[in-house]
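# What follows is a predicted structure for the sequence shown.
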Amino acid sequence: MADEGSFRVKLNPIAAAMVGGGSTRSQRVFLGVLLAIAVILPFLVGSNRWVTLMTVVVIYIVLASGLNIVVGFTGLLDLGYVAFYAIGAYYTAIIFNMVLKAKFGLDIDAYWWLTWINFVVGGLLAALAGVLIGYPTLRVRGDYLAIMTLGFGEIIRIVALNWVGLTRGPSGISGVPKPAFFGYEFSTQKSLYFLGLALAIISLWTISRIVRSRIGRAWTAIREDEVAAEAMGIHTSRYKLLSYATGAFFAGAMGVFFGHYLNYISPSSFMLMESFLILSLVVLGGMGNIAGPVLGAIVWMGLQEWLRDFPFVQAHPETRGIALGLVLVLLMVFRPQGLLGSLRVKLEMKPGSKGEAEQEREVWSDAGS
Amino acid sequence: MSELGQQLVNGLMIGCLYALIAVGYTMVYGIIELINFAFGELFMFGAFITIMMMVPEISLFGNTVSMPHLNFFLAIIIAMAVVGIMGVIIERLAYRPLRNAPRLAALISAIGVSILLQNVAQAIFGSQQVPFPDIPLFTTAAGAPKAFAVGGVQITYFQVFVVVVTVVAMLLLNFYVKRTRMGRAMRASAQDKRTSALMGVNVNKVIALTFLIGSAMGALAGGLYGGVYHAAWPLMGFNPGLKAFIAAVLGGIGNIPGAFLGGLLLGVIEALGSAYLPMGSQYRDAIAFVILILILSFRPSGLLGSTVSQKA
Amino acid sequence: MPAAEPVRVLETTQLVKAFGGLVAVNKVDFHADENEIVGLIGPNGAGKTTLFNAITGVYGPTSGTIRFQGREIAGMLPSKVTKLGVARTFQNIRLFNEMTALENVMVGQHCRTRSGVLRVVLRTPRATREEKGVHDKSLALLEYVGLGGHAEELAKNLPYGSQRRLEIARAMATEPALLFLDEPAAGMNPQETAALLQLIRRIRDEGMTIILIEHDMKVVMGSSDRVVVLDHGEKIAEGSPDVVRSDARVIEAYLGKSA
């Protein structure tokens, strides 16, 4: 199958860059190329439309990567992930708009430094929610776990919709200031994009390090066989909660970014379909694979953007939903390992000195599906 | 007091609808351990097809098409048959290939089917509400639902009809599962598929039949729901679908009388909660989820389920 | 001079495990002394694996006590029991299929390492040192069981005999004082069984205490210092392999079942 082969050749190096053990030269080259594209492209394209698209892709890359920790690596089907995103966004919006401005009448522009702190605090708040939501799911089976997390996600959305005193309900909160740094305001699309890109790079780097360590091993062990993992000395409850918390952290941090990016948030940005969409990105790219969510986000968002140009699609927005549903079913039936397939992440930190050729061989070998 | 009575009546009726859908969930879960997310959408299609059969013409894909203009009872039976077959096709295409795959794959496929059906319905019927025609038998000449009052509580004829139909359906189903050969095959397959196959049971046929019945029940609920709320819309299935699953868990997954009980209970608790809790009506949907979390935390086998160890 | 008192590594007293009405383990007094190999045999359904599971924490016992190195461990989480020094393999092989052989063994080292999220992200010298230690120890263990050349193969792709040995290596990675082996020779051909026997003896010679469930009598008789026989959840015989082999009750339990 010549097509299959060339398809794999095209994808493998991209994946190899993020997936393989240490860094071989070809992996570093491709990472560099990807990064270069990400940095240069906004200056090459004329309109803001592309920059906006790239910002959205970058956000979804982080969200999908965070969910990948829970679903892909640990094997917990979290269907309420969007709630953590919402918590981050609402947290920063509430702090700036409702507390500082509305309650204390302060000039929120003077508090520009708070934005940067909020990234971490929002993430931590979301992580805390992750632990709270995860706790009741510990002793529950996979399918029930999915519904329970879905329920939690919905509960958070319903609260956001109805606790008008805190969240202004369906009208949402507006006027979240753009991020600023010692006088420089991130007000242009390009500047916001680069901020998002920086956040994404930091997030992916962090996730990669966590996954390729004893923690990532523990998570994967839990996914593969929870009973055996527990028997090998892994406190599975604690590590499941850690998985939820870690995944949630990144969603929360990105939520803070989202709040400042849009400077208006409302419950309609955090519907259940968002959780399904993020899950689809993970599944499409390849679960349990660091590069998977990145590829999934790029491919899907790119596809959507391309489809948007067709008048038929403009007139019939449901075609996107039909495409999404079809993609999910077809993927599961024909290629459940997603686009990146069986390329796997090495679950070790710096696997010791190995020849470059040996590493290349490892990364390229199809480990069987 | 009549307020409480009114709430109970409403809750009971919506509970019946939940019960009908819950039965589908519980039967399918009992036999292949899959949460068929798509049941909510099958419920929705049940409502739409009932409407389609009842009206003289309808707008499909933006074009007006003339329709059979049948009476309600015929329409709903046709809807049940059509949706039943839809369920069988869905099982064959989206679930059967994944029967030996990890649970995650089947669940994601089910989500995909659900999303697909929602959007297909939107493509066909548009995203707005489609009105459900009045049923002459249950509607007065003036266009209002025929009703009677008992001690200050308003009960419509149609509500009584819903309850009666639900009870009859449950009894018939129970009889079928307990007394017929096919029903025995279903129960055996739910217990142990491999052994049943070795005993000569055509497990694939049994599963297809389970989907047929479950989907038909969902369609029945959809047609009735349309009659009660006088409308159908493509996203109407999601919420009741989710709640019906919760009802099935509440009653004890895999347990048909449990689904009935769970449905009724959930309907009543929801109605009472939304009426009497502060801000109850806004948080109405959250009530079902809270119940789910409580049940799974304290009695995961449900009210009527046997206490079986959860983990494999 | 009186012989030194053997150190009692494990002791269960009147241990009962019931599942609803079914009593799987019925008032069993069981012990293992330091450096012993204890063979646990009995017809199918006698409760051997249940006993393992109760001791290792998979089930909480219904009643009775379990003392490991003098400490009461009944009802503890399995991960806690493992941390204290008890490791096991599984009757039906429970490897981490999508992980390599080396990664499987490295998981065993998890409870002997401590780096948390922060240290791991920052790659502190201590975390790196720890990881290298884990890597080296795990590789050494793979070589010890004869799988050194297969370190990078996925567990699911290994031949059956190698999988069983991998499970042993993984269990040993937890640095236990007591090792439970649940039918380690099941499905092995005679050569593999002989090699396994050698491995078990070698592990014991290096200081381990081993409790072994086996149906293969060659393995049991050839390795055990002492044999305990269960039938219907009760201990019906105990002693050296020769004594047990000729015990009337034991013969009846086995023969009676095959009637």
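Structure received. The structure presented is a predicted model; accordingly, all values stated were derived computationally and were not measured. Numbering: from 1, shown residues only, chains lettered A, B, ... in the order given.
# quick one, what contacts the residue of chain A found nearest chain C?
For chain A, the residue positioned closest to chain C under CB to the nearest CB is residue A:233, at a distance of 2.9 Å. Yep, even glycine has a C-beta here, placed from its N, CA and C like the rest. The neighbours of residue A:233, taking CB atoms under 8 Å, 6 or more residues apart in numbering or on different chains as the test, are C:79, C:82, C:83, C:108, C:110, C:111, C:112, C:174.
# The second one reaches residue C:112, doesn't it?
So that's residue C:82. No. Using CB atoms under 8 Å, residue C:82 and residue C:112 do not qualify as a contacting pair, with a distance of 10.1 Å.
# Find residues that contact each of these two.
The contact sets of residue C:82 and residue C:112 overlap at A:233, C:174 (CB under 8 Å, 6+ apart).
# any low-confidence regions in the stretch 1-150 of chain A?
Scanning the stretch 1-150 of chain A for pLDDT under 70 picks out A:1-28, A:30, A:46.
# From residue A:258, how far off is residue A:187?
Distance of residue A:187 to residue A:258, given as CB to CB, to the nearest Å: 16 Å.
# Would you mind pulling the contact partners of stretch B:241-249?
Applying CB under 8 Å, 6+ apart, the set of residues contacting stretch B:241-249 is A:144, A:147, A:150-151, B:15, B:18-26, B:29, B:35, B:37, B:39-41, B:43, B:114, B:221, B:258-259, B:262-263, B:265-267, B:270, B:285, B:288-289, B:291-292, B:295-296, B:302.
# Tell me the buried residues in that stretch?
Of the residues in stretch B:241-249, those scored as buried under the neighbour-count criterion (16 or more other CB atoms under 10 Å in any protein chain shown) are B:241, B:242, B:243, B:244, B:245, B:246, B:247, B:248, B:249.
# If you count contacts, what does the lengthiest helix in chain B end up packed against?
Taking DSSP state H as the criterion, chain B has its longest helix at helix B:2-32. Taking 3 or more CB pairs under 8 Å, 6 or more residues apart in numbering or on different chains; DSSP states H and E as the contact definition, the neighbouring helices and strands of helix B:2-32 are helix B:39-54, strand B:153-156, helix B:157-179, helix B:181-191, helix B:203-229, helix B:238-251, helix B:256-276.
# Now tell me which of the ones you listed the model trusts least on average.
If the helices and strands packed on helix B:2-32 are sorted by mean pLDDT, helix B:181-191 sits at the bottom with a mean of 83.
# C-terminal to that one, what's the next element?
Tracing the chain C-terminally past helix B:181-191 and defining elements by DSSP states H and E, one meets helix B:193-198 next.
# chain center to that following helix: distance?
Computed by CA atoms, centre = their mean, to the nearest Å, the chain-centroid distance of helix B:193-198 equals 29 Å.
# And the contacts of that helix?
In this structure, residues lying in contact with helix B:193-198 by CB under 8 Å, 6+ apart are B:31, B:185, B:188, B:189, B:203, B:206.
# so can I have a markdown table of those residues showing neighbour count?
Rendered in a markdown table, the data for the contacts of helix B:193-198 read as follows (neighbours: other CB atoms under 10 Å in any protein chain shown):
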| residue | neighbour count |
| --- | --- |
| B:31 | 24 |
| B:185 | 20 |
| B:188 | 18 |
| B:189 | 26 |
| B:203 | 18 |
| B:206 | 22 |
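# List just the nearest of the residues you listed to chain A.
Within these, the smallest distance to chain A is 13.8 Å, found for residue B:31 (CB to the nearest CB).
# By residue count, what's the longest helix in chain C?
Ordering each helix of chain C by length in residues (DSSP H) puts helix C:125-144 first.
# Now look at that helix and say if it contacts chain A.
Yes. Helix C:125-144 is in contact with chain A by CB under 8 Å from any CB of the partner chain, via C:127, C:128, C:130, C:131, C:132, C:134, C:135.
# Just the buried residues of the residues you listed.
Of the members of the residues of helix C:125-144 next to chain A, the ones counted as buried by neighbours, 16+ other CB under 10 Å, are C:127, C:130, C:131, C:134, C:135.
# Chain A: which of those is nearest?
When those are ranked by distance to chain A (CB to the nearest CB), residue C:131 comes first, at 4.5 Å.
# quick one: the most far-flung residue of chain B relative to its centre from residue B:192, how far?
Note on chain B: the largest C-alpha distance from the chain mean falls to residue B:198, namely 32.4 Å (CA atoms, centre = their mean). From residue B:198 across to residue B:192, the span is 9 Å (CB to CB).
# In a strand, the residue of chain A closest to chain C, correct?
No. Secondary structure of residue A:233 (DSSP: H, G, I helix; E, B strand; the rest coil): coil, not part of a strand.
# Now it: closest residue in space, sequence neighbours ignored.
For residue A:233, ignoring the flanking residues on the chain, the nearest one in space by CB to CB, 6 or more residues apart in numbering or on different chains is residue C:111 at 2.9 Å.
# in a helix, that's where the one you found is, yeah?
Yes. Assigned with three-state DSSP, residue C:111 falls within a helix.
# May I have the residues that are in contact with it?
For residue C:111, the contact set (CB under 8 Å, 6+ apart) comprises A:232, A:233, A:234, C:79, C:82, C:83, C:174.
# ditto for residue B:212
Residues in contact with residue B:212 (CB under 8 Å, 6+ apart) are B:84, B:85, B:87, B:88.
# now the helix or strand that contains residue C:237, how far from the chain's geometric center?
Element membership for residue C:237 (DSSP H and E) is strand C:234-239. The chain centre lies 20 Å from the centre of strand C:234-239; the measure is CA atoms, centre = their mean.
# Which positions in it come out as buried?
Taking 16+ other CB under 10 Å as the basis for neighbour counts, the residues of strand C:234-239 that come out buried are C:235, C:236, C:237, C:238.
# and what of stretch B:271-286?
Of the residues in stretch B:271-286, those buried by neighbour count under the rule 16+ other CB under 10 Å are B:271, B:272, B:273, B:274, B:275, B:280, B:282, B:283, B:284, B:285, B:286.
# so how far is chain C from the second one?
Which is residue B:272. Noted for residue B:272: a distance of 36 Å to chain C, by CB to the nearest CB, to the nearest Å.
# Kindly report the same for the first one.
Counting by CB to the nearest CB, the separation of residue B:271 from chain C is 37 Å.
# quick one: contacts for that residue?
Shown here is residue B:271, whose contacts under the criterion CB under 8 Å, 6+ apart are B:7, B:8, B:10, B:11, B:14.
# Of those, select the buried ones using a ChimeraX command.
In ChimeraX, the members of those classed as buried (16+ other CB under 10 Å) are selected with the following command:
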select /B:7,8,10,11,14
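# Now render the contacts of residue B:271 as JSON lines, adding distance to residue A:248 and pLDDT.
Supplementary listing: those in JSON lines, determined by distance: CB to CB, whole Å; pLDDT from 0 to 100:
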{"residue": "B:7", "distance to residue A:248": "38", "pLDDT": "86"}
{"residue": "B:8", "distance to residue A:248": "40", "pLDDT": "88"}
{"residue": "B:10", "distance to residue A:248": "38", "pLDDT": "89"}
{"residue": "B:11", "distance to residue A:248": "35", "pLDDT": "91"}
{"residue": "B:14", "distance to residue A:248": "34", "pLDDT": "92"}
